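In: only geometry, no sequence info:
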């Protein structure tokens with residue numbers, strides 16, 4: 001069970017957007033590392049089933065693939081390591097590939113965090129009246145991947161039980177796999193159509209329709225959002241001033257470390273680690289209540 005902090009849905013959404021937007025556009029390894037650590041810690045605690053060994057291995061392979069292949073496409077850089085088909089494989093391009101892969105993995109992990117930070121009910125509460133079709137589409141897409149995976153595992157287990165994959169011929173196994181994926185795709189499309197029809201039958205999107213969950217915006221929520229925006233302002237100020245800039249081409253050039261840069265890194269780390277610490281606080285509170293029972 002995921003223990004969600006008792007906050008208005010706008011608070012975790014603001015944190016999520018702040019961390020994601022800065023992580024996607026900032027070219028600073030320290031900020032990328034903070035985003036990665038914050039998402040990994042939160043998923044390792046709040047989303048215990050979200051990070052499997054297979055998933056971690058997939059992220060590492062993706063990271064390695066981006067890091068290794070970037071110098072093959074980008075020949076910029078003043079320090080060649082080797083030459084591949086006459087093209088320089090430079091140290092600067094490799095380091096930029098490592099940073100680019102880390103940024104990609106961090107963004108993907110934070111999108112995984114979104115399913116725990118903002119539930120379906122909160123998503124409909126926030127966007128159901130403003131853009132009901134968009135809210136339904138986003139919720140369906142975010143729910144589609146885990147639902148598709150569970151359905152694929154069930155279909156594969158059923159096919160294995162009846163002996164579909166017993167034939168050692170690779171062509172037969174390939175045809176069986178394609179048949180399974182075809183059935184899975186058909187089921188997914190039918191499920192999406194049924195979900196849309198069910199929501200329409202229930203009056204979703206009509207004026208005056210209330211949401212399943214009602215949230216009240218309190219002064220504590222306002223203080224949280226003001227604090228998040230203040231941290232955003234510190235990070236953005238450091239980025240705009242160029243204190244967190246790093247240039248990879250043609251050679252690596254970093255900005256001198258000053259107080260504004262350190263403040264920006266600390267502020268962004270506080271943003272990225274806030275969901276993790278909020279979850280820990282709720283876990284400790286729940287453990288304390290259970291001891292008092």
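Out: That came through fine. Since we're looking at a predicted model, the values are computed, not measured.
In: so residue 242 belongs to a strand, correct?
Out: No: under the criterion used here (DSSP: H, G, I helix; E, B strand; the rest coil), residue 242 is coil, not part of a strand.
In: isn't it up against residue 253?
Out: No: in this structure, residue 242 sits apart from residue 253 without contact. The criterion is C-beta atoms under 8 Å, and the distance is 11.2 Å. C-beta: built from backbone N, CA, C; applies to glycine.
In: got the contact list for residue 90?
Out: 71, 75, 76, 77, 78, 79, 80, 81 (C-beta atoms under 8 Å, 6 or more residues apart in numbering).
In: quick check, pLDDT for it.
Out: We note a pLDDT of 86 for residue 90 in this prediction.
In: what's around the closest residue to residue 155 other than its chain neighbours, how many residues?
Out: Ranked by C-beta to C-beta, 6 or more residues apart in numbering and with sequence neighbours excluded, the top spatial neighbour of residue 155 is residue 180, at 5.4 Å. Counted with other C-beta atoms under 10 Å, residues neighbouring residue 180 total 17.
In: now do the contacts for residue 180.
Out: Under the criterion of C-beta under 8 Å, 6+ apart, the contact list for residue 180 reads 152, 155, 156, 159.
In: now which of those would you call buried?
Out: The neighbour-count test (16 or more other C-beta atoms under 10 Å) applied to the contacts of residue 180 identifies 152, 155, 156, 159 as buried.
In: closest one of those residues to residue 249?
Out: Ranked by distance to residue 249 (C-beta to C-beta), the buried ones among the contacts of residue 180 are led by residue 152 at 42.3 Å.
In: so that closest one sits against residue 184, correct?
Out: Yes: between residue 152 and residue 184 there is a contact under C-beta under 8 Å: 5.6 Å.
In: spatially central residue in the protein, please.
Out: In the chain, the C-alpha nearest the mean C-alpha coordinate belongs to residue 111, at 2.0 Å (C-alpha atoms, centre = their mean).
In: excluding its backbone neighbours, what's nearest that one?
Out: Taking C-beta to C-beta, 6+ apart, and ignoring the residues beside it in sequence, residue 111 has residue 20 as its nearest neighbour in space, at 7.8 Å.
In: which SSE is that neighbour in?
Out: Residue 20 belongs to helix 10-25 when elements are defined using DSSP states H and E.
In: low pLDDT regions in the stretch 151-293 of the chain?
Out: Segments of the stretch 151-293 of the chain classed as low confidence (criterion: pLDDT under 70) are 164-167, 204-214.
In: show me the strands in it, by range?
Out: Read by DSSP state E, counting those that start in this stretch, the stretch 151-293 of the chain holds these strands, from start to end of the chain: 246-247, 253-254.
In: so which of those strands is the most packed in?
Out: By mean neighbour count, with neighbours taken as mean count of other C-beta atoms under 10 Å, strand 246-247 ranks first of these at a mean of 14.
In: that one pairs with which strands, parallel or anti?
Out: For strand 246-247, the paired strands and their directions (DSSP bridges) are strand 253-254 (antiparallel).
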